[in-house]
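Chemist: Show me the folded form of this:
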Amino acid sequence: METASSRSATSSNSLNSASTPHVVKYTDPTKIRFAVTCSSNMNRSMEAHGFLKKKGISIESFGTGNQVKLPGKSATTPNCYDFGTPYDFIFKDLSKKDKAYYTENGLLSMLDRNRRIKEAPQKLQVCTDEFNVIIALEERVYDQVLDHFFSKKQDRMVLVHIINIDIEDNHEDATNGAWLVTDICEKLSKCRDLTADIERVIEEFADRNPERNIMHTIKFY
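Modeler: Numbers count the residues shown, from 1 in each chain. Coordinates of the predicted model:
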């Protein structure tokens, strides 16, 4: 696992390798492709997705878990769905199960927001698109993203920056976290040379948010 203390060495070794890709200078924020991921592509990643979409930033959102899991009426009975199940279907399914209960705990409001942003939760590990920056919203998710890149064939050698920002999985911190994700994405969008400038941007961001677990590494498609 990459840690905060090892990220500089990892980045340096990766950038000095013989297979370093061509450096592209990004002057238009729509040319940097961002992805944000949590476990189920329901709460944290979707809140950030909505914020970034309103800013005109190129953004997609994903989950990295085995299934989409939402709280049930007890800790042992979560509501589980396959990735690709439309948010609208989940909204209607929970409404049938207990509309009052899932309205009170905020799930129906969350799902209503989600279905206004995109059709269904998506799984990062089966996505064939390529991104310049992937932001994980929990260290466990960050590790799953790294495992995905370790396990896949890296034949195109297209560089991707993977960043972790720890966000708690509740409605309040999801909103606070969305502001943080928007902040760093806007800063990165202004970089004339993303690869050269990203470490400085991340270090400044970490200094402003010392309570968050910030990590960064580089992988390749």
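
Chemist: secondary structure element for the spatially most central residue of the chain?
Modeler: Within the chain, one residue has its C-alpha closest to the average C-alpha position: by CA atoms, centre = their mean, that is Val36, at 2.0 Å. Using DSSP states H and E, Val36 sits in strand 34-38.

Chemist: got the angle between the next helix or strand after that strand and strand 34-38?
Modeler: Proceeding C-terminally, strand 34-38 gives way to helix 44-54 as the next helix or strand, assigned by DSSP H and E. In terms of direction (axes from the mean of the first three to the mean of the last three CA atoms, to 10 degrees), helix 44-54 departs from strand 34-38 by 160 degrees.

Chemist: Show me which residues of helix 44-54 are buried.
Modeler: For helix 44-54, a neighbour-count test (16 or more other CB atoms under 10 Å) marks 44-52 as buried. In this view, the C-beta of every residue, glycine as well, is placed from N, C-alpha and C.

Chemist: Which elements pack onto it?
Modeler: strand 34-38, strand 59-63, helix 107-117, helix 171-189 (3 or more CB pairs under 8 Å, 6 or more residues apart in numbering; DSSP states H and E).

Chemist: and Asn79, which of the ones you listed is closest to it?
Modeler: With CB to CB as the measure, helix 107-117 is the member of the helices and strands packed on helix 44-54 nearest Asn79 (8.4 Å).

Chemist: Other residues contacting the closest one?
Modeler: For helix 107-117, the external contacting residues (CB atoms under 8 Å, 6 or more residues apart in numbering) are 42-43, 46-47, 49-50, 53, 70-71, 86-88, 90-91, 94-95, 99, 102-103, 121, 171.

Chemist: what are the pairing partners of whichever helix or strand comes after it, and which direction each?
Modeler: Where DSSP H and E defines the elements, the next helix or strand beyond helix 107-117 is strand 133-136. Using DSSP bridges, strand 133-136 pairs in its sheet with strand 34-38 (parallel), strand 159-165 (parallel).
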